[in-house]
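Visitor: Give me the fold of what follows.
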Amino acid sequence: MAVVLRMTRRGSKKKPFYRIVAADSRSPRDGKFLEMLGTYDPLKTENNIKIDAEKVTSWVKKGAKPSDTVASLLKKAGVE
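Guide: Numbers count the residues shown, from 1 in each chain. Predicted coordinates:
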């Protein structure tokens, strides 16, 4: 099972809200996930990224690969 760190979309139409999750790479985008790691709200101007750094680093040590978008968000948050 390949684990990937990616975003799932929540919120209503034209008001997106994303969860950063660890999920099996074969599961659908908004489907089942293993653990929720944080949130991202693109509509806010400040404090729009909230990430649990300990959970993220533990998943990366276990071999999880972040998607390109999640990797850039982690970089902005100062996690990796």
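Visitor: alpha carbons only for contacts and neighbour counts from here, please
Guide: Fine.
Visitor: quick one: contacts for the residue most central in space within the chain?
Guide: Geometric centre of the chain, nearest residue: residue 20, 2.0 Å, by Cα atoms, centre = their mean. Listed by Cα atoms under 8 Å, 6 or more residues apart in numbering, the contact set of residue 20 reads 5-8, 36-40, 51, 70.
Visitor: Same question for residue 68.
Guide: Residue 68 touches nothing, counting by Cα under 8 Å, 6+ apart.
Visitor: Kindly provide the distance from it to residue 8.
Guide: According to Cα to Cα, to the nearest Å, residue 68 stands 14 Å off from residue 8.
Visitor: Equivalent analysis for residue 50, please.
Guide: Distance, residue 50 to residue 8, by Cα to Cα: 14 Å.
Visitor: Comparing those two, which residue is more hemmed in?
Guide: Between residue 50 and residue 8, counted using other Cα atoms under 10 Å, residue 8 has the larger neighbour count: 20 against 16.
Visitor: Much appreciated, bye for now.
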